[in-house]
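Q: Below: sequence and its predicted model.
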Protein chains: 2
Amino acid sequence: SNKSKTTFSNRGMSLEEDINDTNAYYRTTNQAIIHKKPTPVQIVKVDYPRRSAAVIKEGYFKQASTTDYNGVYRGKYIDFEAKETKNKTSFPLSNIHDHQIKHMESVVNHGGICFILIRFAVYDQTFFLPAMKLLTLWNSQFKGGRKSIPYQKIKEAGSLIPFKFPKRVDYLTIIDELYF
Amino acid sequence: SNKSKTTFSNRGMSLEEDINDTNAYYRTTNQAIIHKKPTPVQIVKVDYPRRSAAVIKEGYFKQASTTDYNGVYRGKYIDFEAKETKNKTSFPLSNIHDHQIKHMESVVNHGGICFILIRFAVYDQTFFLPAMKLLTLWNSQFKGGRKSIPYQKIKEAGSLIPFKFPKRVDYLTIIDELYF
Ligand SMILES: [Mg+2]
Ligand SMILES: [Mg+2]
């Protein structure tokens, strides 16, 4: 593990690893209860060997119908998606699925706090973009708008999440600023 | 499918099927956004055949670290577990895992609405038991109390969920009564 070397830089860890570790820290310190949802798998064939655990012998990855993470913070429902891009100039909207957008819209309508975390790997920067802003940019692509969100736009519309050990993606600080 | 025959009785459908259908109805009618979490699977071996979907060739069921269902209703975080028993006189506490109890306690502490749905299959009855009441009964087993909750106790401490088509487990009505 290169965790001990990552005090000043995040490089080498995926966004998912960073968020999972941050969520574990939030839970341990009793700040929030937020988990990654398991990867949805369609299980087709299972073997039950004697005296040992059941083995899945055939399964397929299903498309997630919702987002990656959800939970509770300060009594509010928290729901978000996380995406990483290697692009330098923009975030392609094709990274997000239509049903995820619908889910995010529903969550907002029901009073949940919903957002996307977007990491630009080349800059080692992770942005917090509220679902409402994402939805506006998403919908504009069907009115002749861009099929991607420019990096500059995300910088303006979103909030840069400061990198701080051990909370490598400390998105709760942004939630405190924006929603409370 | 025997759905068209189940207008007056619930028999034949599992609690999970009933909840999934009820949740789908809640989403369609825009009452609440609540989903079942995918079954956690540890994926060991994946094949990537040419021109077709990736196939999981070896996987194992992992123990869930949280509960079965969560989501948002009227701005509040909703989190619950569902359990079915064939027992007639009591619900064995061994059906619930220690880490699920810890999770439920945390959710309550963070202001979420948390509960368990317990179905007694022989009576075709499903009860709503708030997490706080479950936690009390759970903790009493370590002070020389019972290792199971008597049916009669669940009847008194919990709320019977009326069976109504198409919301076969209409737990939101109980939430409205108890939490709003
Ligand atoms: Mg993702
Ligand atoms: Mg269950």
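A: Done, it's in. Just so we're clear, the structure is a prediction, and the values are computed from it rather than from any experiment. Ligands and ions are numbered 1, 2, ... in the order given.
Q: Can you give me the separation between residue A:175 and ligand 2?
A: Applying Cβ to the ion, to the nearest Å, the value for residue A:175 to ligand 2 is 30 Å. Where you see a C-beta, it was placed from the backbone N, CA and C, and this is true even at glycine.
Q: repeat for residue A:151
A: Using Cβ to the ion, one gets 43 Å for the distance from residue A:151 to ligand 2.
Q: For that residue, which non-adjacent residue is closest in space?
A: residue A:89 (5.5 Å; Cβ to Cβ, 6 or more residues apart in numbering or on different chains).
Q: Count residues in the vicinity of the one you found, would you?
A: Neighbour count for residue A:89, taken as other Cβ atoms under 10 Å in any protein chain shown: 10.
Q: pretty sure it is in contact with residue A:154, am I right?
A: No: with contact defined as Cβ atoms under 8 Å, residue A:89 does not count as touching residue A:154 (10.6 Å).
Q: ok, stretch A:91-108 near chain B or not?
A: Yes: Stretch A:91-108 lies within reach of chain B by Cβ under 8 Å from any Cβ of the partner chain, at A:103, A:106, A:107.
Q: longest single strand anywhere in chain A?
A: strand A:76-85 (DSSP state E).
Q: residues contacting residue A:74?
A: By Cβ atoms under 8 Å, 6 or more residues apart in numbering or on different chains, the contact set of residue A:74 is A:32, A:180, B:110, B:111.
Q: Would you mind measuring from the last one to ligand 2?
A: Meaning residue B:111. Using Cβ to the ion, residue B:111 is found at 23 Å from ligand 2.
Q: so what's the nearest residue to residue A:104 once chain neighbours are set aside up against?
A: Sequence neighbours aside, residue A:131 is the residue nearest to residue A:104 in space, at 4.4 Å (criterion: Cβ to Cβ, 6+ apart). By Cβ under 8 Å, 6+ apart, residue A:131 lies in contact with A:104, A:105, A:107, A:108, A:114, A:115, A:116.
Q: Out of those residues, grab the one that's most surrounded.
A: Ranking the contacts of residue A:131 using other Cβ under 10 Å puts residue A:115 first, with 29 neighbours.
Q: Let me know whether that one touches residue A:70 as I believe.
A: No: look at residue A:115 against residue A:70 with Cβ under 8 Å: they stay out of range, at 11.5 Å.
Q: Bridge partners for the residue nearest in space to the middle of chain A, pull those for me.
A: Nearest to the geometric centre of chain A sits residue A:82, at 2.0 Å (Cα atoms, centre = their mean). Beta-bridge pairing for residue A:82 (DSSP bridges): residue A:117.
Q: The residue in chain A sticking out farthest from the centre is in what secondary structure piece?
A: Within chain A, the residue lying farthest from the chain centre (Cα atoms, centre = their mean) is residue A:50, at 39.8 Å. Secondary structure assignment for residue A:50, by DSSP states H and E: no helix or strand.
Q: ok, back up a step: pLDDT score for the residue nearest to residue A:104?
A: pLDDT recorded at residue A:131 is 98.
Q: ditto for residue A:9
A: For residue A:9, pLDDT reads 54.
Q: Could you list the low-pLDDT ranges of chain A?
A: Along chain A, the parts satisfying pLDDT under 70 run over A:1-12.
Q: Could you pull out the buried residues of the biggest helix by length in chain A?
A: Criterion DSSP state H: the longest helix present in chain A is helix A:15-28. Neighbour counts using 16 or more other Cβ atoms under 10 Å in any protein chain shown place A:15, A:18, A:19, A:20, A:21, A:22, A:23, A:25, A:26, A:27 of helix A:15-28 among the buried residues.
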